[in-house]
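Student: With the sequence up front, the predicted model follows.
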Amino acid sequence: MKLWWDLETYSETPIKDGAHKYSETAEVLLFAWAPDEEKPSVWDATEKPNMPSDLEECIAQSDEYWGHNSGMFDRVVTRYARPSLARLMEERKHRDTLVQALCHGLPGSLDALCEIFRLDSDVAKSKRGKQLIRMFCMPQPKNSKIRRRTRDTNPFEWLEFIEYAKSDITSMRILHQKMPKWNYPNNEFELKLWQLDQRINNEGVYVDLDLATAAIEAVDREQSSLAERTHEATDGVVSSATQRDALLAHILAEYGVSLPDMRADTLERRLADASLPDGVRELIGLRLMASTSSVSKYRRVIRSTSTDGYLRGLIQFSGAGRTGRDAGRLFQPQNLMRPTLPGEVIEEGIEAIKAGCADLITDNVMELCANAMRGVIIAPPGKKLVIADLSNIEGRVLAWLAGEEWKLQAFRDYDKGIGPDLYLASYARTFGVSIDQAKRQVGKVLELAMGFGGGVGSFITFAAVYNLDLEQMTSGLDLPPDVVAEADNFWNWSIDTKRSTYGLSKEVFIACDSLKRLWRRAHPKIVALWKETEDNDRQAIENEGQEYASGRCVTVRHGNWMKDRLPSGRYLSYPAPRNGDQVSFMGLNPYSHKWQRLTTYGGKRVENRTQAVARDVFKSSYPAILEAGYEIKLPVHDENITYAPDGALYGPKHLSQLMATVPAWASGLPLAAAGFEAYRYRKD
């Protein structure tokens with residue numbers, strides 16, 4: 001028997017501060033529930049504090065408890081507000097329709113799912129329901145005569161509220177039947193991973209609130225100083241460097257310099273212009289310092305940390321699109337900036353920030369505070385952080401999926417200490433030169449930009465990330481004449497068809513496009529996999545039930561879904577696939593976050609597979625890591641942050657060995673990991 005359940009709750013704490021902080025002051029108002037397909041019931045906990053006996057009996061007899069976002073909200077609230085109820089509902093029986101949706105490439109919002117699956121309007125959430133939630137589930141505005149509305153202050157609306165509470169139960173049941181189940185809950189390993197994810201989120205990480213508080217104070221002081229300097233530098237015309245439009249107008253009027261925008265990458269490129277007036281250079285520098293956004297993350301840490309000093313609920317299982325990778329929540333640990341300062345400078349800076357004297361050791365307090373963000377995560381007393389990450393996992397998986405044997409062997413040789421760094425090896429292979437002649441930074445950008453069908457646009461994007469000067473790089477390249485001729489033809493075609501040339505000179509564009517062509521010549525198996533994958537997609541869409549294998553994956557269409565069976569047994573899911581000029585399917589637009597038809601191509605599909613397999617490899621080591629005594633606290637991309645007893649038995653070498661153990665389904669995949677131990681999180 002399945003028990004369907006949903007809570008309506010009240011708390012003085014805003015839900016944006018995270019479910020755990022919210023739940024410290026939360027109370028359960030209504031508990032809506034239904035066994036199997038029976039009519040929903042509602043326990044009004046404000047009228048009858050004790051649980052109804054029929055609900056208690058249903059909980060005891062149920063094999064599964066299904067809620068929507070129950071893992072990240074309802075179960076959290078019950079642990080704080082109704083601990084006896086939380087103990088009664090067995091952990092192993094919980095299931096979540098939001099996770100079911102995410103695991104199959106669908107959005108998590110109940111409203112969005114109701115719209116996608118065209119549930120009747122009387123079943124889908126109504127605007128009235130949202131009004132009732134605002135009325136009863138949160139404090140009223142400060143100028144309201146009634147600070148909190150209840151069943152006593154608004155009895156008629158409360159009856160509406162009870163009826164509304166039943167609607168989510170009905171929606172969840174229908175959606176559960178309509179959505180796929182192959183990844184969740186039918187995949188036993190994925191179900192266990194989700195259950196572990198719940199434990200990780202509930203335990204959280206210990207944080208240095210003193211650092212977060214001191215960093216905010218340092219940033220506030222620096223913002224005031226930067227505002228004064230901007231006011232002086234503009235003769236009082238602009239009062240703060242954060243005033244974008246006023247600053248743009250002043251720079252144009254005073255210096256005749258037109259800037260298209262105030263984006264950091266735009267400003268950094270202009271700073272490289274030797275002819276830029278000193279006054280503009282100063283104002284751009286002030287703008288770059290003033291616009292550092294790290295302070296918002298520090299504030300979020302403080303708002304969301306529980307009273308015991310732990311920050312919880314940081315990871316959404318399978319939240320990063322269809323690949324199954326985790327997504328960050330609250331202060332977004334998956335989206336921390338790449339350090340721009342040396343580790344020892346950051347370490348010294350953290351102590352200076354906490355001492356209130358950051359300005360004495362740096363001219364750029366904003367940059368220092370941004371670099372120190374990782375340091376808010378610390379080990380609790382008696383423990384240490386042991387951290388390790390998989391080395392170049394996506395590059396390894398891509399080569400393994402494609403069967404690019406020379407590259408797989410290069411990884412194996414490097415791991416044994418008998419071969420060169422893979423970025424050097426890739427450059428040497430691409431240009432047909434010796435390792436001694438290879439340029440690592442160019443090789444790195446090539447590897448990151450080209451693996452999934454990328455071209456000039458992708459190359460210049462990664463070149464900017466790694467501060468690769470394109471003019472300088474291309475001036476010394478010795479390129480084969482036939483490749484240059486092909487690239488020259490592509491330049492002319494791009495001009496004729498009005499395709500973007502990314503603002504590059506003809507010489508730089510041709511050089512970048514030549515690099516693309518050389519990389520593809522050096523990776524024939526990967527290039528072939530792009531085409532084979534797209535061809536198989538088109539065949540699968542036209543021939544339901546027929547399986548098409550490519551790159552260790554199998555593509556098949558079942559009904560309105562195209563699926564990739566990954567080597568692990570998990571599936572990538574693509575709803576409503578369609579052939580056309582490009583293969584397309586329904587999905588969330590990553591920019592507008594709207595559900596719409598999206599196009600794809602062979603390289604993009606291979607990228608999805610690669611990221612998904614890398615995720616499966618990463619998580620395959622979880623059981624062994626836990627069994628060895630490490631506490632998994634926070635997975636960040638391909639990095640595992642763990643707690644361990646502060647002793648010699650636990651360390652990065654051991655953790656790395658566990659993470660680099662090849663799962664049975666990935667025979668032949670070369671894996672390596674490396675890490676460090678510390679008492680404060682950092683980027684090694």
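Tutor: Received the coordinates, thanks.
Student: contacting residues around residue 319?
Tutor: Taking CB atoms under 8 Å, 6 or more residues apart in numbering, we find residue 319 in contact with 102, 108, 325, 326, 327, 329. From N, CA and C alone the C-beta is placed, and that goes for glycine too.
Student: So which of these are in strands?
Tutor: With strands taken from DSSP state E, the overlap with these comprises residue 327.
Student: Which one of the contacts of residue 319 is nearest to residue 381?
Tutor: residue 329 (26.3 Å; CB to CB).
Student: before we move on, what SS does residue 640 have?
Tutor: strand (DSSP: H, G, I helix; E, B strand; the rest coil).
Student: pLDDT value on it, please?
Tutor: Residue 640 is assigned 97 on the pLDDT scale.
Student: Please apply the same query to residue 122.
Tutor: So residue 122 comes in at 55 (pLDDT).
Student: for residue 337, same thing?
Tutor: At residue 337, pLDDT is 84.
Student: From what I see, it and residue 370 are in contact.
Tutor: Yes: applying CB atoms under 8 Å, one finds residue 337 in contact with residue 370, separated by 5.7 Å.
Student: neighbour count winner among these two?
Tutor: Neighbours per residue, other CB atoms under 10 Å: of residue 337 and residue 370, the larger number sits with residue 370, 22 against 15.
Student: Any idea which residue is closest to the centre of this protein?
Tutor: residue 327 (3.7 Å; CA atoms, centre = their mean).
Student: quick one, what contacts that residue?
Tutor: 315, 316, 319, 320, 334.
Student: what's the nearest residue to the fourth one if we skip its chain neighbours?
Tutor: Closest residue to residue 320 apart from its sequence neighbours, by CB to CB, 6 or more residues apart in numbering: residue 327 at 4.4 Å.
Student: on that earlier part again, the contacts of residue 319: which two are farthest apart?
Tutor: Between any two of the contacts of residue 319 (CB to CB), the greatest distance is 14.5 Å, for 108 and 325.
Student: Give the buried residues for stretch 203-217.
Tutor: 204-209, 211-217 (16 or more other CB atoms under 10 Å).
Student: and it, how far from the chain's centre?
Tutor: 22 Å (CA atoms, centre = their mean, to the nearest Å).
Student: Stretch 262-277 too?
Tutor: Computed by CA atoms, centre = their mean, the chain-centroid distance of stretch 262-277 equals 30 Å.
Student: ok, now stretch 368-383?
Tutor: 20 Å.
Student: May I see the buried residues of that stretch?
Tutor: So for stretch 368-383, counting by 16+ other CB under 10 Å, buried means 368-379, 383.
Student: and the closest residue in space to residue 343 that isn't next to it in sequence, how many residues sit next to it?
Tutor: Leaving out its chain neighbours, the residue that sits closest to residue 343 by CB to CB, 6+ apart is residue 682, at 6.1 Å. Around residue 682 there are 18 other residues, counting by other CB under 10 Å.
Student: And residue 185, by the same measure?
Tutor: By other CB under 10 Å, 19 other residues sit near residue 185.
Student: Looks to me like it is in a helix.
Tutor: No: assessed with three-state DSSP, residue 185 is coil; it does not lie in a helix.
Student: ok, it to residue 62 distance?
Tutor: 14 Å (CB to CB, to the nearest Å).
Student: try residue 530
Tutor: Distance, residue 530 to residue 62, using CB to CB: 47 Å.
Student: Compare neighbour counts for these two and give me the winner.
Tutor: Neighbour totals were compared for residue 530 and residue 62, and residue 530 leads with 23 against 20 (other CB under 10 Å).
Student: Give the full set of residues in contact with residue 129.
Tutor: Residue 129 neighbours (CB under 8 Å, 6+ apart): 164, 167.
Student: SS state for it?
Tutor: helix.
Student: For it, report the pLDDT, please.
Tutor: 87.
Student: by contact count, what packs against the host helix or strand of residue 348?
Tutor: Element membership for residue 348 (DSSP states H and E) is helix 343-355. On a contact count with 3 or more CB pairs under 8 Å, 6 or more residues apart in numbering; DSSP states H and E, helix 343-355 meets helix 209-233, helix 365-371.
Student: Now tabulate those in TSV and tack on distance to residue 271 and mean pLDDT.
Tutor: Below are the helices and strands packed on helix 343-355 laid out as TSV (distance: least, CB to CB, whole Å; pLDDT from 0 to 100):
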stretch	distance to residue 271	mean pLDDT
helix 209-233	16	90
helix 365-371	14	91
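Student: can you pull the contacts of the closest residue in space to residue 347 that isn't next to it in sequence?
Tutor: The spatial neighbour of residue 347 that comes closest, neighbours along the chain excluded (CB to CB, 6+ apart), is residue 682 at 7.5 Å. Residue 682 is in contact with 343, 346, 347, 374, 375, counting by CB under 8 Å, 6+ apart.
Student: does residue 682 count as helix, strand or coil?
Tutor: Going by three-state DSSP: residue 682 is coil.
Student: how much space is there between it and residue 210?
Tutor: 17 Å.
Student: Low-confidence ranges, the protein, go.
Tutor: 121-126, 293-294 (pLDDT under 70).
Student: Please enumerate the strands of the stretch 201-350 of the chain.
Tutor: 205-207, 310-311, 315-316, 327-328 (DSSP state E, counting those that start in this stretch).
Student: Which of those strands sits closest to residue 552?
Tutor: Of these, nearest to residue 552 by CB to CB is strand 327-328, at 25.8 Å.
Student: List the pairing partners of the closest one within its sheet, with orientation.
Tutor: strand 315-316 (antiparallel) (DSSP bridges).
Student: So for whichever strand or helix holds residue 540, what gets flagged as buried?
Tutor: Using DSSP H and E, residue 540 sits within helix 524-542. Within helix 524-542, the residues that count as buried by 16+ other CB under 10 Å are 525-530, 532-534, 536-537, 540-541.
Student: Show me the contact partners of it.
Tutor: Contact with helix 524-542 is made by 398-399, 401-405, 451-453, 520, 546-551, 555-557, 562, 577-579, 583, 600-603, 605-606, 609, as judged by CB under 8 Å, 6+ apart.
Student: Okay, and which of those residues map to strands?
Tutor: 548, 549, 550, 555, 556, 557, 562, 583, 600.
Student: hang on, the earlier thing: what distance do you get for the residue nearest to residue 347 to residue 638?
Tutor: From residue 682 over to residue 638 (counting by CB to CB), the distance is 16 Å.
Student: Same question for residue 156.
Tutor: Residue 156 is 55 Å from residue 638, by CB to CB.
Student: Tell me which of these two has more neighbours.
Tutor: residue 638 (19 against 7).
Student: Please name the residues that touch that one.
Tutor: Applying CB under 8 Å, 6+ apart, the residues near residue 638 are 389, 390, 393, 614, 618.
Student: Any idea how far apart the tips of stretch 178-190 sit?
Tutor: Stretch 178-190 has an end-to-end distance of 20 Å (criterion: CA to CA, to the nearest Å).
Student: Report the buried residues of it.
Tutor: Under 16+ other CB under 10 Å, the buried positions of stretch 178-190 are 179, 180, 182, 183, 184, 185, 187, 190.
Student: Output these in TSV, with distance to residue 51 appended to each entry.
Tutor: Listed next are the buried residues of stretch 178-190 as TSV, based on distance: CB to CB, whole Å:
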residue	distance to residue 51
179	30
180	34
182	35
183	34
184	29
185	26
187	33
190	32
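Student: quick one: which of the residues you listed is nearest residue 488?
Tutor: residue 183 (47.1 Å).
Student: Would you confirm that the closest one contacts residue 189?
Tutor: No: contact criterion CB under 8 Å: residue 183 and residue 189 do not qualify, at 10.1 Å.
Student: related to what we said a few turns ago, closest to residue 42 out of the contacts of residue 327?
Tutor: residue 316 (28.3 Å).
Student: Tell me how many other residues surround that closest one.
Tutor: Considering only other CB under 10 Å, residue 316 is surrounded by 21 other residues.
Student: how far away is it from residue 410?
Tutor: For residue 316, the distance to residue 410 - CB to CB - is 36 Å.
Student: Alright, that wraps it up for me.
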